[in-house]
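heads up, no residue letters with this:
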């Protein structure tokens, strides 16, 4: 009997050995999307890179460096127990890495308003030596996932009442207000992450109708009283006649030109100046033009599979904190995909949200890959426990 117990203990220690498993389906989906993104960035940016920098691979090289850094971050974070973000750094205090990440991002957003680099009339970037420009609002997304998941997980029953949601919203209000000052689209995503995590954790959902109505009213009011955002609505309503509607209109031409199977990889005509920075937020139009409806549908299916894997991990997570981390990341990816595709098809007014893993943007892809590392970390713990249960069943 003692020998069997010793053997069972050895199996248990083996099963719980750190970093034994990965969710390979999620891992390879992410790697494939990033690889596809690099191909499309090269296709969409080669002409502009040659004209501006005499190097057709200029934008590909820059994005490639960010992807490598992001993949390293994803692998490292996937090998760290995600619970480290919620554990107190000092005993009997609420100070932990999730809270510090939130406070750090608030400080960065204040810094943006003071010394931020202005581009197209908005301050959203901080210039960092060696790394170039950095967008703190992207880092704020992952900080929001960790911080909201933590404060919700310590008292989830409070969210059964509207007052519990208000409490979480008040915690997030400083960061949301600072982001919205210069970047409404990122503020919408951060707010969406917060609401999604709270929605998942609460047992009573009816009051979220009030939350949704209030959020939409706030967005509409903000748009109305901020000149250039109201102008975007006007452009959206008169896309064919408004002088500033050319980019979206050219994007629609690109989508229609692609037909069912596209003009062929690298054969887009609209990227040759008609669509400024086609490799950025408008890259989905180039996908439609070069790969057609078939290629666009494949990309959407890949995102659906990615979201499905995160959903499976979320509902199988060993604790609430892990499940809420997955729910937050899943909400962020879903919101960005929906809004980006809606913008390029002129279903909603234009706003600057990149297509996850595919659009050009170093900060965006690095942060998204780091978030995938957090989700993989949660899946790693699920797999370990499943292995332990199966081996112990085999022993007895």
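Received it, and whenever you're ready, just let me know what you need. Source: prediction; values computed, not measured. Numbering: from 1, shown residues only.

Go ahead and confirm residue 37 touches residue 357.
Yes: when contacts are counted by C-beta atoms under 8 Å, residue 37 is listed as touching residue 357 (5.1 Å). (Glycine included, C-beta is placed from N, CA and C.)

Compare neighbour counts for the two and give me the winner.
residue 357 (28 against 24; other C-beta atoms under 10 Å).

Which positions in the top strand by length along the chain come out as buried?
Counting by DSSP state E, the longest strand found in the chain is strand 122-128. Applying a neighbour-count criterion of 16 or more other C-beta atoms under 10 Å, one finds 122, 123, 124, 125, 126 buried in strand 122-128.

can you put those in CSV and add pLDDT and distance to residue 167?
Shown next, in CSV, are the buried residues of strand 122-128 (pLDDT from 0 to 100; distance: C-beta to C-beta, whole Å):
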residue, pLDDT, distance to residue 167
122, 67, 31
123, 72, 30
124, 77, 29
125, 78, 32
126, 82, 31
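
and of those residues, the nearest to residue 275?
Residue 275 lies nearest to residue 122 out of the buried residues of strand 122-128, by C-beta to C-beta, at 20.4 Å.

Quickly name whichever of the buried residues of strand 122-128 is closest to residue 63.
Using C-beta to C-beta, these come closest to residue 63 at residue 125, 16.4 Å.

the strands in this protein, which residues?
Assigned by DSSP E, the chain shows strands spanning 117-119, 122-128, 132-134.

Let's have those in CSV, adding distance to residue 318.
CSV is the format used below for the strands of the chain (distance: least, C-beta to C-beta, whole Å):
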stretch, distance to residue 318
strand 117-119, 42
strand 122-128, 37
strand 132-134, 34
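
between those strands, which gets nearest to residue 222?
Short answer: strand 122-128, nearest of the strands of the chain by C-beta to C-beta, at 14.1 Å.

Walk me through which strands that closest one pairs with, and which way each runs.
Applying DSSP bridges to the sheet, strand 122-128 is found paired with strand 117-119 (antiparallel), strand 132-134 (antiparallel).

Surely residue 58 and residue 49 touch.
Yes: between residue 58 and residue 49 there is a contact under C-beta under 8 Å: 3.8 Å.

ok, the two, which is more surrounded?
residue 49 (21 against 16).

where along the stretch 1-150 of the chain do the helices fall?
2-15, 24-53, 58-78, 97-115, 136-153 (DSSP state H, counting those that start in this stretch).

Show me the contact partners of the fourth one.
By C-beta atoms under 8 Å, 6 or more residues apart in numbering, the list of residues contacting helix 97-115 from outside reads 84-87, 89, 123-126, 136-137, 139-140, 142-144, 146-147, 149-150, 174-175, 178-179, 181-182.

Give the intersection of the neighbour lists for residue 37 and residue 357.
residue 365.

Buried residues of stretch 208-219, list them for me.
208, 211, 215, 219.

and the residue lying closest to residue 62 once chain neighbours are set aside, how many neighbours does it have?
Distance criterion C-beta to C-beta, 6 or more residues apart in numbering; nearest residue to residue 62, sequence neighbours excluded, is residue 362 at 6.5 Å. By the criterion of other C-beta under 10 Å, residue 362 has 21 neighbours.

On the pLDDT front, check residue 298 for me.
pLDDT recorded at residue 298 is 96.

and what of residue 226?
You'll see residue 226 listed with a pLDDT of 61.

returning to that earlier point: for residue 299, which of the strands of the chain is the nearest?
strand 122-128 (26.3 Å).

got a list of contacts for that closest one?
108, 111-113, 115-117, 119, 133-137, 182-183, 186.

go again using 7 Å as the cut-off
With C-beta atoms under 7 Å, 6 or more residues apart in numbering as the test, strand 122-128 has contacts from 111-113, 115-117, 119, 133-137, 182-183.

which of these count as buried?
Using 16+ other C-beta under 10 Å, the buried members of the contacts of strand 122-128 are 112, 116, 134, 135, 136, 137, 182, 183.

which one in these is the model shakiest on?
Among these, residue 116 has the lowest pLDDT, at 73.

Now it: phi and psi?
phi -60, psi 150 (degrees, to the nearest 10).

how about it, what does it touch?
Applying C-beta under 7 Å, 6+ apart, the residues contacting residue 116 are 123, 124, 125, 126.

Closest one of the contacts of strand 122-128 to residue 327?
residue 137 (20.5 Å).

I'd say the closest one and residue 185 touch.
No: using C-beta atoms under 7 Å, residue 137 is not in contact with residue 185; the gap is 8.9 Å.

Touching both of the two, which residues are there?
By C-beta under 7 Å, 6+ apart, no residue touches both residue 137 and residue 185.

I'd like the distance between residue 184 and residue 219.
8 Å (C-beta to C-beta, to the nearest Å).

Equivalent analysis for residue 255, please.
Residue 255 is 26 Å from residue 219, by C-beta to C-beta.

next one: residue 280
Distance from residue 280 to residue 219, by C-beta to C-beta: 23 Å.

Any stretches of the stretch 101-250 of the chain with poor pLDDT?
The stretch 101-250 of the chain contains residues with pLDDT under 70 at 119-122, 129-132, 223-230.

if you set the cut-off to 90 instead, what comes out?
By pLDDT under 90, the weakly predicted segments of the stretch 101-250 of the chain are 111-137, 155-156, 159-163, 180-186, 188, 203-250.

Off-centre distance for stretch 194-211?
Distance of stretch 194-211 from its chain centroid, counting by C-alpha atoms, centre = their mean, to the nearest Å, is 20 Å.

cool, and stretch 318-333?
The answer for stretch 318-333 is 12 Å, by C-alpha atoms, centre = their mean.

For that stretch, buried residues please.
Buried residues in stretch 318-333, defined by neighbour count with 16+ other C-beta under 10 Å: 321-333.

Now the two most distant members of the residues you listed.
321 and 333, at 19.3 Å, using C-beta to C-beta across these.
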